[in-house]
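Student: Fold the following and give me the result.
(chains A and B)
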Amino acid sequence: MPDQTASSPEKIPVTVLTGYLGAGKTTLLNRILSEPHGKKFAVIVNEFGEIGIDNDLVVNADEEVFEMNNGCICCTVRGDLVRIIDGLMRRKGKFDAIIVETTGLADPAPVAQTFFMDENVGARTKLDAVVTVADAKWLKDRLKDAPEAKNQIAFADVILVNKTDLVSPEELREVEGRIRAINPYATLHRTQRSQIALDAVLGRNAFDLDRILTIEPQFLAGEDHDHHHHDHDHEHCDDENCGHDHHHHGHGLKHYHDEHMQSLALRTDKPLNPDKFFPWVQQLVATDGPNILRSKGILSFKDDPQRFVFQGVHMILDGDHQREWRPGEPRESRIVFIGRDLPEDKIRKGFESCIA
Amino acid sequence: MSDGRATAASVTDRVSPVTVEGAVGVAFLDATPVFVLGEEALLIAAPDGALRVPVHDGAILGIAGDGTRIVTGGDDGKLVVTGGDGVPQTIAVDDRRRWIDQVALGPDGALAWSAGKTAFVRTGAGELRQRDMPSTPAGLAFMPKGFRLAVAHYNGVSLWFPNLPAEPERLEWKGSHLGVVISPDGRFIVTAMQEPLLHAWRLADRKDMRMSGYSARVRSLGFTAGGAFLATGGSEQVILWPFSGKDGPMGKQPRLLAPAQARVALVACHPEQPVVAAGYSDGMVLLVRVEDGAEILVRRPTGAPVTALGWDRAGTTLAFAAEDGVGGTLRL
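Tutor: Got it, this is the predicted structure:
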């Protein structure tokens, strides 16, 4: 990690708003800007004019996705963001946070990677969360025909299932099931006209290593056994009817499997050998990084009194010691990958080989 | 260790302090330093007191000066030129109020700027030319000979004759080019890239060169007097690449001068002498002689990064500012 100089002022949080065309992104943005919260936002949008708020800190972006010259094909950054954030920071003190609205067809990864790849951006701002607005009625179809929509769900920290008033309870359960099949870790909210408490989408600290307190799947909290008993990744559904209902969840959530995008959670209560783990995980993201959208882990290393936490976006990994393991706290290592066609056996065996 | 430069000669007692908050650059109108603030205004540091001159309604993004005029581009979509009389004049307003974030000064009063993907040139006679680039310009520089503009962008540099209808000549190199400088003899074009390295082309045969080894993205670079060296920041020392031979820096080692614990944020080359002023991320300012690396301390490190550094055209005055608002001028 680059050396952060001594006087490191408070970093400006950046929220990334994604969502397929027509899902309700701009409505959410206008809501955020118009509520009487007393906060001032700088907003980076892809189209002027859709914002109904008079704000001199609205910047038009061109979504220029640039490849880095580091031999890593998935290491892309948003070149326009590098410049815009540099310009915005000349007006620091005039705003409390930055919101980046992407186009409906955008991949969130280059936006997120910009905060890790550009030192100047990373020194002055921090990625807070990727918030995805999903259309309760149409998401199901978009997941079939639009890879962008799937990426946006897979990448999200917070998902708004919007326009719930336009679907039946069954349809709602189904779309939530499909979201969970791709990303069981995001916080999910049901909304109408993108109406939501601001603190549910802002100030999430989702990329803050110190905040990786838990990586439990949100809907399986306390019921993790389901994850082991069902052989998710070997069961392929060719139509939506094969999704089986897990009534015992108590959430009435339908359970689906996405054929290509899934999450993989691994855990062990045996301590890991850091000299094996780091080369393994670095090699893994070097080879499979293009398909791994997000990764997170809490690790227990042998003879190490501290928890090690890491998170990643494609090939970029960021990790650090977080804190002492607490007395009585189970010293478990857990890692999660969300990605496309993940080689589960290879990852599972590799992880097990890191046990000290 | 930076404080341990006790052995270095010091001229800190000869610096006239200037209080300037939020300076992002400095230029000169004749011998008078003019600090460019991150927002709204210039601060003309005249000997009889500083004068604040409003020039933009918002952030000031692009800055260039040639001693007789200072051109600034703002997030208000305006291009403003402030002349020797200290009176700002709005030269252009972007019709879509896009940010004007790159500016350059050319021969005979010519100006260049960019907004979005479009590069603009206003000739000395006041004629406006414009040309769309393959992606958003991230650096502009006029060539020393001929009326020609170099535009850095994604995947290379475009060389554009604004007075000719021809397609700009393209120098290609994969990646994002974020700044461009041209050697005074016009033989070499150098860009600073998104990665911590520089790329260069020898124009005669378009030979590519790569200069690497930096610890950070290079945000400040310039040729020393006569063009013998390219001085650069982006590392914990001033890195100087030799450009005097016919092959430029090819196969040669750079000179590494004035090492410190902090990174060199800004470099400013003396216009006449082989001397480089270096401003560090801990607030230190040094004068460094290229020949033997001899150092003179101008500003002690305070912890606040140097944000503005520049010479007047005659090379008799150095001006600087740092994030803590403590700037200064040094008359030699």
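
Student: Around chain A, pick out the residues from chain B.
Tutor: B:22, B:24, B:38-39, B:57-61, B:75, B:96, B:98-99, B:101, B:116-117, B:135-136, B:138, B:154, B:174-176, B:178, B:193-195, B:215-217, B:219, B:262, B:281-282, B:303-305 (C-beta under 8 Å from any C-beta of the partner chain). Glycine gets a C-beta too; all of them are placed from N, C-alpha and C.

Student: Okay, and which of those residues map to strands?
Tutor: B:24, B:39, B:57-61, B:101, B:154, B:174-176, B:178, B:193 (DSSP state E).

Student: ok, A:Lys296 - how many residues close by?
Tutor: 21 (other C-beta atoms under 10 Å in any protein chain shown).

Student: My reading is that it lies in a helix. Confirm?
Tutor: No. Judged by DSSP: H, G, I helix; E, B strand; the rest coil, A:Lys296 forms no part of a helix; its state is strand.

Student: who does it bridge with?
Tutor: Per DSSP bridges, the residues bridged to A:Lys296 are A:Gln311, A:Val336.

Student: quick one: the closest residue to B:Ala8 other than its chain neighbours and B:Leu257, what's the gap?
Tutor: In space, and not counting its chain neighbours, B:Ala8 is closest to B:Glu295: 4.6 Å by C-beta to C-beta, 6 or more residues apart in numbering or on different chains. As judged by C-beta to C-beta, to the nearest Å, B:Glu295 and B:Leu257 stand 8 Å apart.

Student: Can you pull the residues that touch both of these two?
Tutor: B:Val288 (C-beta atoms under 8 Å, 6 or more residues apart in numbering or on different chains).

Student: quick one: average pLDDT of stretch B:120-137?
Tutor: The average pLDDT for stretch B:120-137 rounds to 96.

Student: low-confidence ranges in the stretch 101-250 of chain B?
Tutor: Scanning the stretch 101-250 of chain B for pLDDT under 70 picks out no residues.

Student: ok and the residue in chain A nearest chain B?
Tutor: Closest contact between chain A and chain B, by C-beta to the nearest C-beta, is at A:Arg90 (3.5 Å).

Student: Against B:Arg255, how distant is that residue?
Tutor: 33 Å.

Student: With adjacent residues omitted, what lies nearest to A:Gly319?
Tutor: A:Phe310 (3.1 Å).

Student: Now for the one you found: which residues touch it?
Tutor: Applying C-beta under 8 Å, 6+ apart, the residues near A:Phe310 are A:Leu209, A:Val281, A:Ser295, A:Lys296, A:Gly297, A:Leu299, A:Leu317, A:Asp318, A:Gly319, A:Asp320.

Student: Residue 90 - how many residues pack around it?
Tutor: Since you didn't name a chain, this refers to chain A. The burial count for A:Arg90: 19, using other C-beta under 10 Å.

Student: Please refer instead to chain B.
Tutor: 13.

Student: correct me, but it touches B:Thr82?
Tutor: No. Between B:Thr90 and B:Thr82 there is no contact under C-beta atoms under 8 Å: 10.5 Å.

Student: before we move on, the earlier item: what is the lowest-pLDDT residue among the contacts of A:Phe310?
Tutor: A:Leu209 (80).

Student: Does that one touch A:His321 like I think?
Tutor: No. With contact defined as C-beta under 8 Å, A:Leu209 does not count as touching A:His321 (9.3 Å).

Student: Which residues are in contact with each of these two?
Tutor: Joint contacts of A:Leu209 and A:His321 (C-beta under 8 Å, 6+ apart) are A:Val309.

Student: In chain A, where is pLDDT below threshold?
Tutor: Checking chain A against pLDDT under 70 turns up A:1-9, A:47-55, A:213-255.

Student: domain ranges for it?
Tutor: Domain assignment for chain A by automatic domain parsing gives A:12-211, A:260-356.

Student: Please, where are all the helices along the stretch 1-150 of chain A?
Tutor: In the stretch 1-150 of chain A, the helices defined using DSSP state H, counting those that start in this stretch lie at A:25-34, A:79-88, A:108-117, A:119-124, A:139-145, A:147-155.

Student: May I see the buried residues of the last one?
Tutor: To tie it back to what came earlier, the one meant is helix A:147-155. A:Glu148, A:Ala149, A:Lys150, A:Asn151, A:Gln152, A:Ile153, A:Ala154, A:Phe155 (16 or more other C-beta atoms under 10 Å in any protein chain shown).
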